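In: sequence below, structure please.
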Amino acid sequence: MRTRTFALAAVLGLLATSSAQSAITFNIDSTQDSVIQFQGDGDTATIEFVNLLTPGVDTFEITSVSGGTGSALGLTGDISGTFSFDEADIVTIAPGIQTATLTSTGTVLSIFDGTDTFTADIDGVDITSVGSTGSINTSAVINLSNVSYTGTNADLVTFANLISTSGGVANLTFQFTTNKSLTQLKNQALNETSFSGSLSAVPEPATVALALTGLPLLGLGYWSRRRRAHA
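Out: Reported below is the predicted structural model:
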C-alpha cells in the first residue's frame, strides 16, 4: 500500500511540477532614454511611461525570462495611457511611507515580437512611496486582463494563454536620487526616473489543485506505515 501510495503521489508531483513550469515571468527594465514620468498640479498627479528622445516608441525591454523558452528575451514593449491619483487618495502609513489608489485611463501593456503585438489591459491598482523608492501594484494583485495575441512567439503564446485562463500580474518599481513622497509627486510639476518590474502569468488553478492532491496521499501512506508498525 505504501509503495503504491508514494508512487501515485510522486506521479502527481511530477505532473504538478510539469504544469507549474508553464507559468512564466518576464523581468523588464526601461530602455535607454525612457522614464516613468510624474506630473503634478497640486491636486492630481498623472503617471506616464515615455521615451524622452523619441516619443511613441517602446519604453521597456524584457531582460530575463523565467519559466519559458527564452524566446521573449530582448523583446521590447510599452505601457500606454495614464495612471493618476488625487490628494484624497493618499494615505500616510508611517513617516516616509505613503500609498494611494490609482485610477487607470486607457492603460494598455504591449509587447512587440517583431511582427505581431501582444496587448493586455493593465490596471495600476495602487502606488506606494518609501523614501526614494516606489512601486505600482505593490500588493501584486491580478491586474492584467483582456489579452490579445495572434503571433507565434512561444513565450508570448504561453503568457497570453495563462493570462486568459487565470490572469496576470504587472508590478513596477522606480527610484529617485532623493526622497520623493506621493504628496511631493502630486505637488511638483515634473519628476521622472528609470523603472523596472516584472510581468507574471498566474498558474492555472489546476496546477495548484493537482499539487495539493498529492498531499493527502502522502499523509495516507505515512499513516498506513505507522498503523502497520504499531499493529
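In: what pairs with the spatially most central residue of the chain across the strands?
Out: By CA atoms, centre = their mean, the mean C-alpha position of the chain lies nearest to A170, the distance being 2.6 Å. When bridges are called by DSSP bridges, A170 pairs up with L199.
In: following the helix or strand of the chain with the lowest mean pLDDT, which helix or strand comes up?
Out: Every helix and strand in the chain was compared by mean pLDDT, DSSP states H and E; the lowest is helix 2-20, with a mean of 41. The first helix or strand that comes after helix 2-20 along the chain, using DSSP states H and E, is strand 25-30.
In: can I get the CA coordinates of that next one in PDB?
Out: The C-alpha atoms that make up strand 25-30 are tabulated as PDB, following Å, rounded to 0.1, in the frame of the first residue of the first chain:
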ATOM      1  CA  THR A  25       7.600  35.700 -15.700                       C
ATOM      2  CA  PHE A  26       9.200  38.500 -17.700                       C
ATOM      3  CA  ASN A  27      11.600  40.800 -15.900                       C
ATOM      4  CA  ILE A  28      11.700  44.200 -17.600                       C
ATOM      5  CA  ASP A  29      13.900  47.400 -17.500                       C
ATOM      6  CA  SER A  30      13.200  50.800 -19.000                       C
END
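In: in its sheet, what does it sit against?
Out: strand 60-66 (antiparallel), strand 195-201 (antiparallel).
In: quick one: the last one to chain centroid distance?
Out: It stands for strand 195-201. 5 Å (CA atoms, centre = their mean, to the nearest Å).
In: one more: stretch 190-200?
Out: Put simply, stretch 190-200 sits 12 Å off its chain's centre (CA atoms, centre = their mean).
In: hang on, the earlier thing: doesn't N137 make contact with the residue nearest to the centre of the chain?
Out: Yes: the criterion here is CB atoms under 8 Å, and A170 meets it with N137 at 6.2 Å. C-betas here are computed from N, CA, C, even on glycine.
In: quick one: common contacting residues for those two?
Out: N143 (CB atoms under 8 Å, 6 or more residues apart in numbering).
In: contacting residues for the residue nearest to the centre of the chain?
Out: 109, 122, 136-137, 143-144, 197-200.
In: how does it look with 6 Å?
Out: 122, 143-144, 199 (CB atoms under 6 Å, 6 or more residues apart in numbering).
In: show me the two of those that sit farthest apart.
Out: N143 and L199 (10.3 Å; CB to CB).
In: related to what we said a few turns ago, of all the strands paired with strand 25-30, which lies closest to Q37?
Out: strand 195-201 (9.9 Å).
In: need the CA coordinates for the closest one. CSV is fine.
Out: Output of strand 195-201 as CSV, limited to C-alpha atoms (Å, rounded to 0.1, in the frame of the first residue of the first chain):
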residue,chain,number,x,y,z
PHE,A,195,11.9,52.0,-13.9
SER,A,196,11.9,48.2,-13.8
GLY,A,197,9.5,45.5,-12.9
SER,A,198,8.1,42.1,-13.6
LEU,A,199,5.2,40.7,-15.7
SER,A,200,3.9,37.4,-14.5
ALA,A,201,1.2,35.0,-15.6
